[in-house]
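coordinates for the following, if possible.
(2 chains)
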Protein chains: 2
Amino acid sequence: MAQKPSIPKGTRDFSPIEVAKRSYIMNTIRTQFQRYGFQPIETPSFENSSTLMGKYGEEGDRLIFKILNSGDYLGKVKDDAFAKADSTALTPQISEKALRYDLTVPFARYVVQHQNEIEFPFKRYQMQPVWRADRPQKGRFREFYQCDADVVGSDSLWQEVEFVQLYDAVFTALQLEGVTIKMNNRKILSGIAEVIGASDKLIDFTVALDKLDKIGEEGVTKEMLAKGITQEAINTVAPLFTLDGSFGEQLKTLQTLLANSETGMQGIEELTFINEAIESLGLESAKLQLDVTLARGLNYYTGAIFEVAAPEGVQMGSIGGGGRYADLTGIFGLPNVSGVGISFGLDRIALVIEELNLFPKETVEGTKVLFINFGEKEALYAMKAIKSLRTQGIVAELYPDKMTSGKHMKKQMTHANRREIPFVILAGEEEMTNKTFTLKDMRAGEQETVTLDVLIERLR
Amino acid sequence: MAQKPSIPKGTRDFSPIEVAKRSYIMNTIRTQFQRYGFQPIETPSFENSSTLMGKYGEEGDRLIFKILNSGDYLGKVKDDAFAKADSTALTPQISEKALRYDLTVPFARYVVQHQNEIEFPFKRYQMQPVWRADRPQKGRFREFYQCDADVVGSDSLWQEVEFVQLYDAVFTALQLEGVTIKMNNRKILSGIAEVIGASDKLIDFTVALDKLDKIGEEGVTKEMLAKGITQEAINTVAPLFTLDGSFGEQLKTLQTLLANSETGMQGIEELTFINEAIESLGLESAKLQLDVTLARGLNYYTGAIFEVAAPEGVQMGSIGGGGRYADLTGIFGLPNVSGVGISFGLDRIALVIEELNLFPKETVEGTKVLFINFGEKEALYAMKAIKSLRTQGIVAELYPDKMTSGKHMKKQMTHANRREIPFVILAGEEEMTNKTFTLKDMRAGEQETVTLDVLIERLR
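Okay, the predicted model is just below:
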C-alpha cells in the first residue's frame, strides 16, 4: 500500500492551527448568540429522505447526499428499476436517509416535531456541518459549517432590529470592523414588480440594477430592455437609478415610487421601523444600508432580507445573510408560524480575518513550556512540577522519550522550536538537589534558575 | 401532510438543555486535553470507502454507512451486478464514500497523509461524531460523539502515565469522583496464553476469569474446563484466582506466575513503571487498578490496555477506554509508528452525571432577565438598557411582541416562568420619566425600582 491516502474531493482536514482559528470564530459567534438569548439545539447529521427531498428545488434534490440502506438493500427493489438502470427511480428504493443540506429545514422539522415541548417565541441557534454534492471550487466545499440563529413564533420587527445588532456585535467582537449590513424587504421587491408590471421579470430587473456601479445607467437600461422590460417601466423606476443619501432618505424616495403599491408601502414601513430603531440604538462598528437589489432567497423570504458584505477593500462574496419567512413550518404541517433568521459564513469569515491578519495571537497558542527529558529520575521530578503547573492552568509537557545522547538533547530543543513552545525547562541532577528548575526563554535565549513557585509565577 | 415528521432510528435531536449538558462535558474534557498539550484536529465526516473498508473486520464493514454516488450512478455499473441483485457486489460500484466509523482510522490516515507537516511525537485530540449502522438499543446510537486523545511517534511509557493522569484530571474536573481506571497489558495476556498453553483460548479464559466475583472459583473452573482449557493449565494459573492486594502486590504475584514468559515479564515491567510513577505522582480522585481480565481490543492493542469504570454504585458499562498499538499507521503505508490513546464515552458519562445529579446549576442557565414589552416606546427604552446589559455580558431579552391587553401581560410573565428566567423588568411610562427600571425577582416575588447602574450591579 504505497499510495498515500487521500480524502474525498471537496472535503478538508483541519490542522491544529486551523481548528484553533475556526474555534475562535465559532466561540465568538456562540458567545453573542447566547448573550442575545438564543439557545442551542442539535439535529442528526442525516434525516429521513422524505424530510429533505423536495424542499430545495430540483437542483437541491440532486445535491443532497443520499445514504445507502444497510444490509441486502437490493432485496426490496422492484425489478423494473434494474431493467431500466434508472438511477433516479432506484434511489428512493435503496436509500431512505440523506445528509442534512442546510440547518433551516431540519430546524423547521424540529419545531414541528417538538412543538409541545417548545416555549414560543423560540430563539434557537445551531452550528453544525452541512453537506452538498456541489462541484467543489475555491471557497466552496462539500462539507462546511453553518452558524444560524432564528426566531420562530413572533411577527415582531424587534427581531429584525435584534439581528442587525447581533451581526454588529459578532463582527465587532471579531474585530472585523466596517462590515456593511445590507437590508431589503421582499415587499419592496413585490412593489417594484408591480410598478414595472412584470413580476416574472423581477430577478432580471434586480440583477441588472445591481450592475449600476459597474456599467452605468445606460448599460443597465440596455440590459433591462434586452430582458424584455419595457422602456415605460424603466422610466417609471428611474428614481432607483439615482437612489442616494441615508437609509431614511432612500426610503423617502421609494415612498413616492411605490405610493400606489400597498405591499410596497408595507415594506417601506417595516424598513422605516427597523432603521429608526437602529439609528436610535446605534451600532458599534457595522453600517446598515438599504439595497433594493438584494433579492437572495426570493423564493422563500417574505419580509426582511439581510446580507453582510466584508469591510471595503476585501474581495469576498457575502459573509452572512438571512431573512424572514412568513411560513417556516408549513411544509411539515404546522402552518402560520413566522420565522426570521440570519446565518454566518464561517469559511469566508475565516478567509477575511486571515487576510486582514485579525486572528488574536492567543488563538493559536499551544503548549507554554516543555520539560527536557534527561532520564527516568529527572522525568519523574519534571512530572511532579508539570502536575502543579497544569493545576494552575499552565499548559506544560514532558518530552516523552528520555535523552540518550547530546544529539538527543538537541532533538528535544528542536522539537520545542518547531512547535513554537516559548519556554523550556532544563532540570538535571543539580536542580533536583536544589529543588530548582532552569527556565530557558526560547525567544530571548536567556535562562534563569528558579524555584517552583517562581516558575509558576513566570509562566502564568 | 398531517403526519408528524420524525428522525431516523438511532439518531437524536438535542434540546437546548441537552446541548448545554453535553457542551459542559465536552468543554471540560477539551480543557484538560489542551492543558496536557494535546492539539485538536478535525477530519471530514466521510472518507473514501477504501480508507475505511477492511479496517474494522467483516462486521465493521457491514456497519459502515455508505454514501450513494451522485448523479447517474448506475451508468458505470457492470451489468451482471444487476442481474444477480447482489448488494455486496453492487455497493463498491455505486458508492465511493462512507461515513466515518471511528476517529482512530481517520487519524491514522491523517498522520500518514500529513506526515511531512507533523512534528512528532504528535499529541492530538479529536471530538467529532461517528456513525454506525448498529441495531439501536438503550444507550447505543447510530450517531454519537467520540472524544479521543492519542500520541503517535513515541514508545515512552510516560505517555501511559500521562493518560492515567488525564483520566483522573477529567473525571475530577467533572466532579465524578471515585472512578476506577483499570489497566492491563497485552503482553501479560500473551504471557498467560503461554502459561495455559493455548493462545486461541485466551478470550474464553479472560471471559471466564472475569466472572470470579459472580460465580466463584468453582464456577470459573467449570466454565474453563467446558471451554477446553485443561485442568493442568487451570492449576498453573491458580494464583490468578486469588489475586489480591495493591497493584504492586498483584504484579509481584504475576511475576512468579509468568516467570518463564519473556513477553509476560515485559508486560509486568511496563505496568510496574506506570504504577510506580502514578504512586509517586498521586491521583486526585480516581483509583488505578490492575485487571488481568481486561482484554478489550485484543486484536489491535499491543501494550497497555485501559478501561474506566463509573464510580461504585452506578450501573453502567465502561465510560472510557484505550490502549497502545505498536503499529498505528502501517495500514496506510507508514510502518513502525507507535500510538497510544484513550477515549471518553460522552453519552455514558452524561448518563452517569445525570444519575448522580452532578451537572452544575450554571450549565443550563440561559437568559437572566426578560424585559416586558409594553409598546413601541417602552420597547425602545428597554432595548437601550438591554444593549448595556449585553455589553456587560448579561443575557437579556425583550419580549418581542408588544402588549395588547392585560391578558397579554400575563402571557409575557408566563413566558418568563416557563423559560425559568429569574428576573423580569417592568418599565412603563413612569420608569421612562424617572430613568428607572422595576426589577422583579421571579422566585422571591419581590420587586424594586432601580437605575440602570444598580440594575447592572444586581444582575451581574
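
give me the below-cutoff pLDDT ranges for the stretch 201-350 of chain A.
Counting by pLDDT under 70, the stretch 201-350 of chain A shows low-confidence ranges at A:297-298.

quick one: whichever residue of the stretch 151-300 of chain A sits closest to chain B from B:Leu398, how far?
Using CB to the nearest CB, the closest approach of the stretch 151-300 of chain A to chain B is made by A:Ser156 at 3.7 Å. (Glycine included, C-beta is placed from N, CA and C.) According to CB to CB, to the nearest Å, A:Ser156 and B:Leu398 sit 9 Å apart.

which neighbours do those two have in common?
B:Asn373 (CB atoms under 8 Å, 6 or more residues apart in numbering or on different chains).

domains of chain A?
Residue ranges for the domains of chain A, per automatic domain parsing: A:16-43+A:112-355, A:366-459.

can I get those in TSV with mean neighbour count?
As requested, those are exported to TSV (neighbours: other CB atoms under 10 Å in any protein chain shown):
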stretch	mean neighbour count
domain A:16-43+A:112-355	19
domain A:366-459	17
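
near chain B, which residues of the stretch 301-450 of chain A are found?
Within the stretch 301-450 of chain A, the positions lying close to chain B (CB under 8 Å from any CB of the partner chain) are A:331-333, A:366-367, A:373, A:379-380, A:383-384, A:387, A:390, A:393-398, A:400-402, A:415, A:418-419.

restricted to helices, list these.
Counting by DSSP state H, those place A:Ala379, A:Leu380, A:Met383, A:Lys384, A:Lys387, A:Arg390, A:His415, A:Arg418 in helices.

tell me what the helix or strand harbouring A:Gly322 is packed against?
Taking DSSP states H and E as the definition, A:Gly322 sits inside strand A:320-325. Packing partners of strand A:320-325 (3 or more CB pairs under 8 Å, 6 or more residues apart in numbering or on different chains; DSSP states H and E): helix A:158-173, strand A:304-309, strand A:339-344.

want to try a markdown table for these, with distance to A:Ile29 as columns?
Formatted as a markdown table, these follow (distance: least, CB to CB, whole Å):
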| stretch | distance to A:Ile29 |
| --- | --- |
| helix A:158-173 | 5 |
| strand A:304-309 | 13 |
| strand A:339-344 | 6 |
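
just to revisit the earlier point, now what about the strand holding A:Gly322, what contacts it?
Residues contacting strand A:320-325 (CB under 8 Å, 6+ apart): A:159-160, A:163, A:167, A:186, A:296-297, A:300-308, A:338-345, A:349.

now with 7 Å?
A:163, A:167, A:296-297, A:300-308, A:338-345 (CB atoms under 7 Å, 6 or more residues apart in numbering or on different chains).

okay, stretch A:239-259 in PDB with CA atoms only?
Presented in PDB, the C-alpha positions along stretch A:239-259 are these (Å, rounded to 0.1, in the frame of the first residue of the first chain):
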ATOM      1  CA  PRO A 239     -35.600  57.200  -9.300                       C
ATOM      2  CA  LEU A 240     -34.000  53.800  -8.400                       C
ATOM      3  CA  PHE A 241     -31.000  54.700 -10.700                       C
ATOM      4  CA  THR A 242     -30.100  57.700  -8.500                       C
ATOM      5  CA  LEU A 243     -31.100  56.400  -5.100                       C
ATOM      6  CA  ASP A 244     -28.900  58.300  -2.800                       C
ATOM      7  CA  GLY A 245     -28.400  59.600   0.700                       C
ATOM      8  CA  SER A 246     -29.100  57.900   4.000                       C
ATOM      9  CA  PHE A 247     -31.200  54.800   4.600                       C
ATOM     10  CA  GLY A 248     -34.100  57.100   5.700                       C
ATOM     11  CA  GLU A 249     -33.700  59.400   2.700                       C
ATOM     12  CA  GLN A 250     -33.700  56.500   0.300                       C
ATOM     13  CA  LEU A 251     -36.900  55.100   1.900                       C
ATOM     14  CA  LYS A 252     -38.500  58.500   1.200                       C
ATOM     15  CA  THR A 253     -37.600  58.300  -2.500                       C
ATOM     16  CA  LEU A 254     -39.100  54.800  -2.500                       C
ATOM     17  CA  GLN A 255     -42.200  56.100  -0.800                       C
ATOM     18  CA  THR A 256     -43.000  58.300  -3.900                       C
ATOM     19  CA  LEU A 257     -42.200  55.500  -6.300                       C
ATOM     20  CA  LEU A 258     -44.200  52.800  -4.600                       C
ATOM     21  CA  ALA A 259     -47.100  55.000  -3.400                       C
END
